[in-house]
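**Student:** One predicted model, sequence on top.
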Amino acid sequence: MKRKLQALIVFLLLGIVKLPLEQHTVTALRNHEMLYQPLDYQARDAVGQIGFAAALGGLRSLVASVTYLMGFTAFEEVNWPRVDFLYNITTQLQPRFDVYWKDAAEHMAYDAASAYRYTDSRPRLYREQLYRQYVQRGIDILNDGLRYLPRSVRLHSTVADLYSRRLEPPNHELAGQHYLLAYQNGGLPVNARLAAYEWAQLDNAPARWREAYQILKSGYDRGLRMPGMINFLHLLETRLNVPPMQRVR
Amino acid sequence: MTSYHRFSPARIWALTMSTVTQLVRMRILVFLLVISVVVAAASFAFPAFNAEQQLKVLKDVCFGLEQLFAYVIAMVATALLLPKDVEDRTLYTILAKPVPRVDYLLGKLFGVLIVIAGGLILLDVVLSGVLWIKQGVVLADALAGLHQQLGGTPPPEAVAATTADVMKQGLTWTLHMGVLAIFLKAAVLTSLTLLISCIATSTLFTVITSFCFFIVGHGETLFREYFFKGGTAWWQYAAAAVLSVFCPDLSLFDVVDAVTEGKAVAVSDMLHMTGIGSLYVAGYMAVAYLLFVEKEL
């Protein structure tokens, strides 16, 4: 009996001592982005009891892969609401893996939007409305992803593509901002040039034109001679009234 | 006359190896073989995905199987050990000799840990091999795709960026840190199951109770943070306190999610996990000893 009492005391002491240590360890791991916040009730409803139990049991990444595969199957079945639903769960389970956000957004903004636009079964105006809604849905997904991954080159360049090439009319200002952020966070130099191309197309924005000109001119001075780049440089020189002697040839 | 040492590493080692033999005879190697086959098969799956996704899914499947192996052995095999020794009467033969009960318990613990570690190392080697082959194949495909997309030789920076993205999801040292984290969690579960086994009257009770601790242990963070936050109804506060004190926080070993995303685990993080894992194991073994030393056999 004495030993059992000792055992209980040791067990309780261990339980009390471990609490601050656990809290310290979890905080350190979260600060290093090694642990996620626990799943909330909304996620539990979405993944179902079994998926939630599995995710809670340390198999969160595996459950995310399974929902991703299910989403891909839904994509093959052209079931867009289900694709959105399943990719939403996937991104909730692993919000710091940018490929999930990108795929989720592209399925909405490219695949679903185009499918609705070019399927003749609905009136034309309604199809156009659906197109715009799904492009916007893709942008919203990427903006959600950027809250978790503000330095993701992939997410910045993808959302910039949507603002530039899918949104009607395009939002050149935001597209340029995201291309530039993609470049500033380690992306390829082409992202900086794309930002300049976007800003060059803005109406009545001399400050942005000057930034765009500086980006393209520095590329030109480094020896780049792409035809598209030269065209935009000529456009900007005209708009900024660059003296003829300083213009590129 | 042979001298008697109260604590003998040689005696513990002998008990450890006997436990390893006992577990290997439970057809654990077949389990490992099946997992290895599934890992190899998974490497051929989902060719429609992009390079990074293929590698990510492969890693998720492999790590999921490694976890399944480690936690099942930690709970089920450990729960079987004491009852089986009683049933076979091996326990009486051992304890009739001058073998302290603490040596017996440590022998059982180390035996299970060696089997889990051996299995995880084997699976890690299989995963590393499969992943290394797979990353070579998908990288070649990705670069060929880039070549085709640009209609000529792609610029070096584009090749470098594509290669870096694929390699981040391929074979890296940090994957082995993920395996170590799985082992640490399995070690905590093993010691906890051994503790429960010392008070249990049946194997089924031990397995079910361990499984309950396993599930609640993954939600312990919620209870603990609720407890620390305070300001709730007294009974909710009390329930959170009881659950936090009684359950280990198993979710703090779940760095596998970050590892499969391609993130590197810092040495300080591994030291944190190893430290707290060692504390759990030492604490649970001390409690198990206090319970086992007076157990009527």
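**Tutor:** Nice, thanks for sending it over.

**Student:** which stretches of chain A aren't confidently modelled?
**Tutor:** Low-confidence segments of chain A (pLDDT under 70): A:39-57.

**Student:** Would you map the helices across chain A?
**Tutor:** Assigned by DSSP state H, the helices in chain A fall at A:2-31, A:41-54, A:60-76, A:80-93, A:98-106, A:113-118, A:124-148, A:153-161, A:172-184, A:189-200, A:206-221, A:227-239.

**Student:** Please tabulate those helices in a markdown table, including the columns mean neighbour count and distance to chain B.
**Tutor:** The C-beta positions use only the backbone N, C-alpha and C, and glycine is treated the same way. Output for the helices of chain A, formatted as a markdown table (neighbours: other Cβ atoms under 10 Å in any protein chain shown; distance: least, Cβ to the nearest Cβ, whole Å):
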| stretch | mean neighbour count | distance to chain B |
| --- | --- | --- |
| helix A:2-31 | 16 | 3 |
| helix A:41-54 | 15 | 7 |
| helix A:60-76 | 22 | 4 |
| helix A:80-93 | 21 | 9 |
| helix A:98-106 | 24 | 5 |
| helix A:113-118 | 16 | 18 |
| helix A:124-148 | 18 | 12 |
| helix A:153-161 | 24 | 8 |
| helix A:172-184 | 22 | 11 |
| helix A:189-200 | 23 | 7 |
| helix A:206-221 | 18 | 13 |
| helix A:227-239 | 16 | 14 |
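
**Student:** between those helices, which one is nearest to B:Leu189?
**Tutor:** helix A:2-31 (15.4 Å; Cβ to Cβ).

**Student:** Show me what the closest one is packed against.
**Tutor:** helix B:220-229, helix B:234-246, helix B:267-292 (3 or more Cβ pairs under 8 Å, 6 or more residues apart in numbering or on different chains; DSSP states H and E).

**Student:** Using JSON lines, please lay out those helices together with mean neighbour count and mean pLDDT.
**Tutor:** Shown next, in JSON lines, are those (neighbours: other Cβ atoms under 10 Å in any protein chain shown; pLDDT from 0 to 100):
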{"stretch": "helix B:220-229", "mean neighbour count": "19", "mean pLDDT": "81"}
{"stretch": "helix B:234-246", "mean neighbour count": "15", "mean pLDDT": "81"}
{"stretch": "helix B:267-292", "mean neighbour count": "19", "mean pLDDT": "93"}
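
**Student:** With distance to B:Leu32 as added columns, please give those helices in JSON lines.
**Tutor:** Below are these laid out as JSON lines (distance: least, Cβ to Cβ, whole Å):
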{"stretch": "helix B:220-229", "distance to B:Leu32": "30"}
{"stretch": "helix B:234-246", "distance to B:Leu32": "33"}
{"stretch": "helix B:267-292", "distance to B:Leu32": "23"}
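
**Student:** and B:Leu189, which of the ones you listed is closest to it?
**Tutor:** Of the helices and strands packed on helix A:2-31, nearest to B:Leu189 by Cβ to Cβ is helix B:267-292, at 9.4 Å.

**Student:** Does that closest one reach chain A?
**Tutor:** Yes: judged by Cβ under 8 Å from any Cβ of the partner chain, helix B:267-292 and chain A are in contact via B:268-269, B:272-273, B:275-276, B:279-280, B:283-284, B:286-287, B:290-291.

**Student:** quick one, that helix and helix A:2-31 angle?
**Tutor:** 170 degrees (axes from the mean of the first three to the mean of the last three Cα atoms, to 10 degrees).

**Student:** Helix B:267-292: how far from the chain's middle?
**Tutor:** Chain-centre distance of helix B:267-292: 14 Å, with Cα atoms, centre = their mean, to the nearest Å.

**Student:** Show me what that helix is packed up against.
**Tutor:** Going by 3+ Cβ pairs under 8 Å, 6+ apart, helix B:267-292 lies up against helix A:2-31, helix B:101-150, helix B:174-199.

**Student:** And the longest one, what does it pack against?
**Tutor:** Using 3+ Cβ pairs under 8 Å, 6+ apart as the contact criterion, the elements in contact with helix B:101-150 are helix B:9-24, helix B:28-42, helix B:51-72, helix B:78-87, helix B:90-96, helix B:156-168, helix B:174-199, helix B:267-292.

**Student:** For the shortest one, C-alpha coordinates in CSV please.
**Tutor:** In this case it means helix B:90-96. Listed next in CSV are the C-alpha coordinates belonging to helix B:90-96 (Å, rounded to 0.1, in the frame of the first residue of the first chain):
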residue,chain,number,x,y,z
THR,B,90,8.9,-17.3,-17.5
LEU,B,91,8.4,-14.5,-15.0
TYR,B,92,8.5,-16.8,-12.0
THR,B,93,11.7,-18.4,-13.3
ILE,B,94,13.3,-15.0,-13.7
LEU,B,95,12.1,-13.5,-10.4
ALA,B,96,12.9,-16.6,-8.4
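
**Student:** what's next to that helix, contact-wise?
**Tutor:** Helix B:90-96 is touched from outside by B:15, B:82, B:84-85, B:101, B:104, B:297, with contacts defined as Cβ atoms under 8 Å, 6 or more residues apart in numbering or on different chains.

**Student:** For those, work out which two are farthest apart.
**Tutor:** Greatest spacing in the contacts of helix B:90-96, by Cβ to Cβ: B:Lys84 and B:Arg101 (17.0 Å).

**Student:** mind checking which of the helices of chain A is nearest B:Phe227?
**Tutor:** For the helices of chain A, the distance to B:Phe227 is smallest for helix A:2-31, at 7.7 Å, taking Cβ to Cβ.

**Student:** so who does B:Leu180 touch?
**Tutor:** B:Met270.

**Student:** Look at it and report its pLDDT.
**Tutor:** Looking at B:Leu180, its pLDDT stands at 95.

**Student:** Distance-wise, check it relative to chain A.
**Tutor:** Going from B:Leu180 to chain A by Cβ to the nearest Cβ, to the nearest Å gives 13 Å.

**Student:** B:Thr174 versus that residue, what's the distance?
**Tutor:** 10 Å (Cβ to Cβ, to the nearest Å).

**Student:** How about B:Ile28?
**Tutor:** Noted for B:Ile28: a distance of 27 Å to B:Thr174, by Cβ to Cβ.

**Student:** Please apply the same query to A:Gln133.
**Tutor:** The value you get for A:Gln133 to B:Thr174, if Cβ to Cβ is used, is 40 Å.
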